[in-house]
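Student: Requesting a structural model of the entry that follows:
(chains A and B)
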Amino acid sequence: MRDLEKRTQFSRRGFLRTTAAAVPAAAAVAAGMSVSATSAWAQAAKNLKPHTMATLAKVARDIYPHDRLGDVYYMTAVGGYDSADAPIRDLIEQGIAALDATSMAQHGTVYLEVNWEDDRVAMLRGMQDGAFFKKLRGDLVVSLYNQQPVWAKFGYEGSSADKGGYLHRGFNDLDWLSES
Amino acid sequence: MANFDLNDSSVVCIIGSGAGGGTLGNELAQKGIKVVVLEAGGRHEIPDFINNEWDSFAQLAWSDMRTTSGSWRVAHDFPNLPAWIVKAVGGSTVHWAGASLRFQEHEFKVRSTYGGINGANLADWPITLAEMEPWYAKAEFKMGTTGTNGIARLPGNNNYKVLAAGAKKLGYKEVHTGNMSINSEPRDERGSCQQIGFCFQGCKSGAKWSTLYTEIPKGEATGNLEVRPGAMAITIEHDAKGAVTGVVYADATGTM
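Tutor: Sure thing, here's the model as predicted:
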């Protein structure tokens, strides 16, 4: 039975080339940094506050948590809000501000600095029927899961007609059942 | 290919080019009757189909804004997301899975079999399986449904193998890949299934039956059928007696 490689593949040469030309998000992950407002990626935001960008990425991971996904995918997923229309940006800024206000009241610090996932998720649950959360949850379905590098992490191979389908590429190669 | 005048009253007008409209259009055209099929969406042929779920959705789905109400999940999570039904020539036969099951006798008599439900208008069908059988047979032959007309069933994939093994262990005697209108072998000038896995995004091999590349081109070849894409029916006009006199449609530019 065919086995799919779900780890990110880097040759040394490819790795050097990628990081040299990389967008800040990729560099951040390659260097093992976590998302913070002072990261180059967050600082590169033109319209939203860097703190908002960093918090958004954290919220995105808390809504759709996948330990096997690096921060870069969550950063990419929310990156588009920086260039969204003004009413959307307002919704985002206000949503993050409201989240931080809740966080300050409950935990004495901003959302980004609350260390326990359960605590953060409880705060998100408190706003799950609001416009901000619904917007994020709906958008992320596409902006997170429609990133092709993410597909590989889940073992999804994408287009197949261009490869002749799966007829000769293992659609029925299951070999761990004696009777089938 | 036919191209009828807007005021040609000798032409039969069909709204929609899917399983019903596309098939009826071809049947009439084969009998020498002039037909125009109004199709709200565009015409995307097999090479145009995209093996990418989101891109394909943008290409084929009924993209007009949906409105929803009530307490169901979609109304809560994605109230305005377009429905994943197809607005294109071929209609939902472009998108469907190909499963082609006949109703069973008792399924025509749902109310008699299961009893009424308070507040619902559940009713038996006014037709019987015996009446439908010749039409089922015709449809299965046209569509090349596996498991009928001596057509071999499709091979099982890995998912099937797991389910089949479980079903057999539970004691099921009849286990197979179902009656599918997907060619298991070349038939009707179409090839066989390549197990592409993107049936819902439009079958790139053409193995799955769709009016887009079966009934419609056959009808068009007679010179009696015109399919008019980008023609969204707005109103069916009728006279005082209720007889239809015309159909008002908006073309791709919105002109009525």
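
Student: What residues does chain A have near chain B?
Tutor: Counting by Cβ under 8 Å from any Cβ of the partner chain, the residues of chain A lying close to chain B are A:1, A:134, A:137-138, A:142, A:146, A:158-162, A:164-167, A:171-174, A:177, A:179-180. C-beta: built from backbone N, CA, C; applies to glycine.

Student: Restricted to buried residues, select those residues in ChimeraX.
Tutor: Buried residues among the residues of chain A next to chain B (16 or more other Cβ atoms under 10 Å in any protein chain shown), as a ChimeraX selection:
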select /A:134,137,159,160,161,165,166,167,171,172,174,180
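
Student: Narrow the residues of chain A next to chain B to those in strands?
Tutor: Taking DSSP state E, every one of those sits outside strands.

Student: Next step: the residues of chain A next to chain B restricted to helices.
Tutor: A:K134, A:R137, A:G138, A:V142 (DSSP state H).

Student: Please look at the second one and B:F78 and confirm they touch.
Tutor: No - the criterion here is Cβ atoms under 8 Å, and A:R137 misses it with B:F78 at 9.6 Å.

Student: Next, the contact list for the most centrally placed residue in chain A, please.
Tutor: Nearest to the mean C-alpha position of chain A, by Cα atoms, centre = their mean, lies A:Y74 at 1.7 Å. By Cβ atoms under 8 Å, 6 or more residues apart in numbering or on different chains, the contact list for A:Y74 reads A:V35, A:A57, A:K58, A:A60, A:R61, A:L144.

Student: between the residues you listed, which is closest to chain B?
Tutor: Taking Cβ to the nearest Cβ as the measure, chain B lies nearest A:L144 of the contacts of A:Y74, at 12.1 Å.

Student: Can you tell me which residues in chain B are near chain A?
Tutor: Residues of chain B lying near chain A by Cβ under 8 Å from any Cβ: B:49, B:51-54, B:77-78, B:81, B:155-158, B:160-162, B:164-165, B:168, B:193-198, B:204-205.

Student: average pLDDT across stretch A:6-15?
Tutor: What stretch A:6-15 shows for mean pLDDT is 60.

Student: swap in stretch B:120-132?
Tutor: 95.

Student: distance between the ends of that stretch?
Tutor: End-to-end distance for stretch B:120-132, by Cα to Cα, to the nearest Å: 26 Å.

Student: which residues touch that stretch?
Tutor: Here stretch B:120-132 has contacts from B:R102, B:F103, B:Q104, B:E105, B:F108, B:K109, B:V110, B:R111, B:S112, B:G116, using Cβ under 8 Å, 6+ apart.

Student: For that stretch, what is the distance to the chain centroid?
Tutor: 21 Å (Cα atoms, centre = their mean, to the nearest Å).

Student: The residues of chain B next to chain A in helices, which ones?
Tutor: Reading helices off the residues of chain B next to chain A with DSSP H, I get B:E53, B:W54, B:D77, B:N158, B:Y160, B:K161, B:V162, B:A164, B:A165, B:K168.

Student: helices and strands of chain A: which one bottoms out on pLDDT?
Tutor: Every helix and strand in chain A was compared by mean pLDDT, DSSP states H and E; the lowest is helix A:24-30, with a mean of 45.

Student: Following the one helix or strand B:V110 maps to in sequence, what is the next regular element?
Tutor: Assigned by DSSP states H and E, B:V110 belongs to helix B:110-114. Beyond helix B:110-114 on the C-terminal side, the first helix or strand identified by DSSP H and E is helix B:129-143.

Student: which parts of that following helix are buried?
Tutor: Buried residues in helix B:129-143 (16+ other Cβ under 10 Å): B:L129, B:Y136, B:A139, B:E140, B:K142, B:M143.

Student: Looking at the second one now. What's its pLDDT?
Tutor: I take that to be B:Y136. The model's pLDDT for B:Y136 equals 98.
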